[in-house]
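S.K.: Predicted model and sequence below, questions to follow.
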Amino acid sequence: MKDLAAIALFAVLVGCAPLVTTSGVALNFVMMALYACLLAQAWNILGGFGGQFSFGHALFFGTGAYTQAIAQLHGINPWIALPLALAASAGVGLFVGALSFRYGLKGSYFALVTLAFAEVFRVLAVSVPFTGAGVGLMVPLRESAANMQFASRAGYLWLVLSLVTVALLVSAWLRHSRFGAWLQAVRDNEDAARAVGVNPFRVKLAAIGLSGALMGAGGAFYVQVFQYIDPGIAYGPSTSVEALVAAIVGGLGTLWGPVLGALVLHLLADVTRNLFGQLPGINMVIYGVVLVAIVMFLPRGIAGMGVPARWRRGKAPRDGHG
């Protein structure tokens, strides 16, 4: 109940932002910070609670984005396209997980496999015509709430806030449910979990499907905001990096860690963009420096004090074994 109350309070306070200010800059900052939080929460389900580090979560992001865009170009309403995008991303997650976990891939091997799949999908998106090939797809502008295209940033803020709230509820469920206990047991020690009757393959498969669905929601939201997607945006490494770094900086396997990590990194990105705008890519350098500093001096992240006691063994798991 404490988690649910905290999530409700968070949703109400952030949801009141458009009532407090009409500044487009401020609302855009909150909206994009929530967007980064959604990506981090999606990655945290598999990488934090499940201990399966992925370097290719853009695979699920891009699948959701393209599904959302293609559905609209074929006359499907965006509100109907959204669950289709989530289902497509979850399906890709189940496919990748079935191949990877069936053969016992974990740690760096699993991370590289997800990165490879993201690159394969990027090449395919460049090659096939229904994705617009290298040119990409542009969604027609038909501004209305019924078409999920809002006249102001407030509408998009409430939309992404609802998605983040769902992600927070899923994370809270993982903290207290039997499935969440199974997932964390698999993260800590697969052999011990198997010995007490947990099926690691099925548990990890469910986790990657759930993680993929939420990442696909981030891709669908991106398409609605910017009305454009191309292979580089959809399956490029920057999205994967943004998701994993925010989760690691905030605190792996925690409820509010991804929120804190996304906020800190988004603030850093804005500050560095304003100060060093003439140096492209500087935000990625800052991300790297922050990540190294966190791993060295605060291995459990900003929200590390809230990590369950069984993780307090000197350092957070880094290789997928717990």
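M.R.: Right, received. Where do you want to start?
S.K.: Tell me which other helices or strands the strand or helix carrying residue 285 touches.
M.R.: Assessed by DSSP states H and E, residue 285 sits inside helix 282-297. Packed against helix 282-297 by the contact rule (3 or more Cβ pairs under 8 Å, 6 or more residues apart in numbering; DSSP states H and E) you find helix 237-250, helix 257-275. Where you see a C-beta, it was placed from the backbone N, CA and C, and this is true even at glycine.
S.K.: which residues are in contact with the last one?
M.R.: Pointing back at helix 257-275 there. Applying Cβ atoms under 8 Å, 6 or more residues apart in numbering, the external contacts of helix 257-275 come out as 10, 29, 32-34, 36-37, 39-41, 43-44, 48, 164, 168, 171, 242, 245-251, 282-283, 286-287, 290, 301-304, 306.
S.K.: any idea how far residue 59 is from residue 72?
M.R.: Going from residue 72 to residue 59 by Cβ to Cβ, to the nearest Å gives 21 Å.
S.K.: okay, those two: which has more neighbours?
M.R.: Higher neighbour count among residue 72 and residue 59: residue 59, with 30 against 23, using other Cβ atoms under 10 Å.
S.K.: The more buried one looks like it's in a helix, true?
M.R.: Yes: the assignment for residue 59 by DSSP: H, G, I helix; E, B strand; the rest coil puts it in a helix.
S.K.: Spit out the contact partners of the closest residue to it other than its chain neighbours.
M.R.: Closest residue to residue 59 apart from its sequence neighbours, by Cβ to Cβ, 6 or more residues apart in numbering: residue 118 at 4.2 Å. Residues near residue 118 by Cβ under 8 Å, 6+ apart: 55, 56, 57, 58, 59, 62, 235, 237, 240.
S.K.: can you list these in TSV and add pLDDT and distance to residue 195?
M.R.: Listed next are those as TSV, based on pLDDT from 0 to 100; distance: Cβ to Cβ, whole Å:
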residue	pLDDT	distance to residue 195
55	93	30
56	93	31
57	95	31
58	96	36
59	96	32
62	96	38
235	95	39
237	91	38
240	93	34
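S.K.: Out of those, give me the one that has the most neighbours.
M.R.: residue 57 (33 neighbours).
S.K.: Hmm, it is touching residue 215, no?
M.R.: Yes: with contact defined as Cβ atoms under 8 Å, residue 57 counts as touching residue 215 (5.4 Å).
S.K.: Mind listing the shared neighbours of these two?
M.R.: Shared contacts of residue 57 and residue 215, defined by Cβ under 8 Å, 6+ apart, comprise 39, 42, 43, 243.
S.K.: Which of these sits closest to residue 189?
M.R.: Closest approach to residue 189 among those (Cβ to Cβ): residue 43, at 22.2 Å.
S.K.: For the strand or helix carrying that closest one, buried residues please.
M.R.: Secondary structure assigned from DSSP H and E places residue 43 in helix 24-44. When burial is assessed from 16 or more other Cβ atoms under 10 Å, helix 24-44 yields the following buried residues: 27, 29-44.
S.K.: Run through this protein and note the low-pLDDT ranges.
M.R.: Applying pLDDT under 70 to the chain picks out residues 277-278, 283-284, 287, 304-322.
S.K.: what ranges do the helices span in it?
M.R.: 2-15, 17-20, 24-44, 58-73, 78-102, 107-127, 153-176, 178-188, 190-195, 200-226, 231-235, 237-250, 257-275, 282-297 (DSSP state H).
S.K.: Go through those helices and pick out the most buried.
M.R.: Burial of those is given as mean neighbour count (mean count of other Cβ atoms under 10 Å); helix 58-73 ranks first at a mean of 28.
S.K.: Alpha carbons of that helix, in CSV - could you do that?
M.R.: Extracted in CSV, the C-alpha atoms of helix 58-73 (Å, rounded to 0.1, in the frame of the first residue of the first chain):
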residue,chain,number,x,y,z
ALA,A,58,16.3,-0.4,-29.0
LEU,A,59,15.1,-3.6,-30.7
PHE,A,60,11.8,-3.4,-28.8
PHE,A,61,11.6,0.4,-29.0
GLY,A,62,12.0,0.4,-32.7
THR,A,63,9.5,-2.4,-33.2
GLY,A,64,6.9,-0.5,-31.2
ALA,A,65,7.6,2.7,-33.0
TYR,A,66,7.3,1.2,-36.5
THR,A,67,4.2,-0.7,-35.5
GLN,A,68,2.6,2.5,-34.3
ALA,A,69,3.6,4.4,-37.5
ILE,A,70,2.7,1.7,-40.0
ALA,A,71,-0.7,1.1,-38.4
GLN,A,72,-1.6,4.7,-38.7
LEU,A,73,-0.5,4.9,-42.3
